[in-house]
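S.K.: need a 3D model of the sequence below.
(2 chains)
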Amino acid sequence: MHAANSNSSKPQPLNSWQRIGLFGGVYSNYLALEALLDDAKRRGVQSLYCLGDLGAFGPFPNRVCQILRETRIPIVQGNYDNSIGNGLADCQCGYTDARDNYFAKLSYDYTFRHTSSDNKAWLQKLSPAIRIEIGRYRILLCHGSPRKMSEFLWETTTSDAFLNWLFQKYDADIIVGTHTGLHWHREIAPGKHFINCGAIGRPPNDGQTTVVYRHRAGT
Amino acid sequence: MNFDQVLPYLEEAVHLGVKEFYFTGGEPFVNPHLPKILEATLRIGPATVLTNATLFSTELVKELGAMGDASKYSLELRVSIDGFSPETNDPIRGPGTFKRTMRGIKLLLDGGFLPIITAMRSWPIEQDEAQLRRFKNSLADVGYRYPRVKLLPSLKIGQEALRDHGYSEHDYITASMMVGYDCSQLMCSSSRIVSARGVHVCPILVDQADSILGRRLSAAKQAFELSHQACTTCYHYGALCSNASSAATSFEKTRL
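M.R.: Purely as a prediction, here's the structure:
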């Protein structure tokens, strides 16, 4: 297991000139993951971080696990990974519509059946958060929010006051999540950023076939 | 509560890092100060109003729409209903309310809102699908083809206790029930409700004397013993009063 995964409280310092890539919501889409690795390489991204939810929707969950294990990309545990790893009965996705839950259950049961026990054990051990430092920025990578893996932080339902509280409580300048799968970014004060890096496994319901991840250069 | 009574709580909420705001009643739109209160709220965070939708006019909906558009945060209207026809709704809500609520929902739709329609589950859980189908037909009649629906479990207090026999003597949370339980599912672990009387632990217990925890939000952060029978409903169904649908999460998270 990667060192950054085994201890989330110890920040991993990176050079201030380093360009990092942040992605999440792979949803068993190994083709999107391969495309991201190529794209990040082309853009000169030196370090990649995955913010979780490796399974769901796509047909080959083990292929995503294999790529991520081989590349040794540090990974934050998502609710899906937590459920599959711990053998829970549902994905803890927090859907609010009965039809969403119906299809989520089909997808979850399929993913559970088609994830090897070795990969399940690996998913179970992923870290709930990763801390890195680039120059003066303390960056906290989580899945939903720092306080709850499955918390939905939507752009229009998350107050500046709450983000400010998160920055203070969790000693961070930049917090990055992925859980909703919808990318957004807000700078609530100079140097204080919340970023949802989006999801690479499926589009953000915008009628397009493209997906989103974020890359950032430290200064 | 008038604007001047609410404002100090809004200011305190920013200081405390409050994420979102809900307005409930009674019927919040009876309060003539509500639009001004909402406008101030939407400057600092997202707001949801729980309403029976019977007091809407085209002008009021337009005013609310303009407030939502001017804010970077969302303004949600959540409409409560207790049945899918005048025959099932009006005995609980009052004569003529079904028709007036449906009219209010149509006004909201015409004004660009997608209200969350909330209904209390007054039927066995196995009948959810059939009941929801009827419900959606009623909403389709006023032009709401893909409605957002939130089902609430029955809280056996007040009038509902008389209708559904109330809680049994065994309906209390015990210490052993809390072992391994995810307390963040309970709204009282992260929310408070303000009334003219003070800051209460939750909206369900607002009529109970022990629900008042302090005069200010910052003085009402202490833990609250889950000693009421109604607490068992929250225990089983999670965050009842949030916009999210209440799923029976306590048994959904069991192992395969």
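S.K.: for chain A, name the helix or strand with the lowest mean pLDDT.
M.R.: helix A:3-6 (a mean of 35; mean pLDDT, DSSP states H and E).
S.K.: could you point out the helix or strand that follows it?
M.R.: strand A:12-14 (DSSP states H and E).
S.K.: now stretch A:59-68 - C-alpha only, PDB.
M.R.: Taking C-alpha atoms only, stretch A:59-68 is exported to PDB below (Å, rounded to 0.1, in the frame of the first residue of the first chain):
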ATOM      1  CA  PRO A  59     -18.600  -3.700 -16.200                       C
ATOM      2  CA  PHE A  60     -15.000  -4.400 -15.100                       C
ATOM      3  CA  PRO A  61     -14.200  -3.200 -11.600                       C
ATOM      4  CA  ASN A  62     -11.000  -5.300 -11.300                       C
ATOM      5  CA  ARG A  63      -9.400  -3.500 -14.200                       C
ATOM      6  CA  VAL A  64      -9.600  -0.100 -12.500                       C
ATOM      7  CA  CYS A  65      -8.200  -1.600  -9.300                       C
ATOM      8  CA  GLN A  66      -5.300  -3.300 -11.200                       C
ATOM      9  CA  ILE A  67      -4.300   0.000 -13.000                       C
ATOM     10  CA  LEU A  68      -4.400   2.000  -9.700                       C
END
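S.K.: where along the chain do the strands fall?
M.R.: As the question left the chain open, I've gone with chain A. Assigned by DSSP state E, the strands in chain A fall at A:12-14, A:19-23, A:47-50, A:130-134, A:137-141, A:174-177, A:184-189, A:192-196, A:214-217.
S.K.: you looked at the wrong chain, it should be chain B
M.R.: B:21-23, B:47-51, B:75-81, B:116-120, B:148-152, B:193-195, B:198-200, B:212-214.
S.K.: need the contact partners of the second one.
M.R.: Strand B:47-51 is contacted by residues B:20-25, B:27-29, B:34, B:38, B:41, B:73-80, B:104, B:118, B:243 when judged by CB atoms under 8 Å, 6 or more residues apart in numbering or on different chains. (Glycine included, C-beta is placed from N, CA and C.)
S.K.: likewise the first one?
M.R.: Outside strand B:21-23, the residues that touch it by CB under 8 Å, 6+ apart are B:10, B:13, B:34, B:37-38, B:41, B:45-50, B:241-242.
S.K.: out of those residues, which one sits closest to chain A?
M.R.: residue B:45 (3.4 Å; CB to the nearest CB).
S.K.: so how far is residue B:25 from that closest one?
M.R.: Using CB to CB, to the nearest Å, residue B:45 is found at 20 Å from residue B:25.
S.K.: now swap in residue A:52 and tell me
M.R.: With CB to CB as the criterion, residue A:52 and residue B:25 are 40 Å apart.
S.K.: interface residues of the stretch 1-150 of chain B facing chain A?
M.R.: Proximity of the stretch 1-150 of chain B to chain A is confined to B:13-20, B:44-46, B:72-74, B:128, B:132, B:148-150 under the rule CB under 8 Å from any CB of the partner chain.
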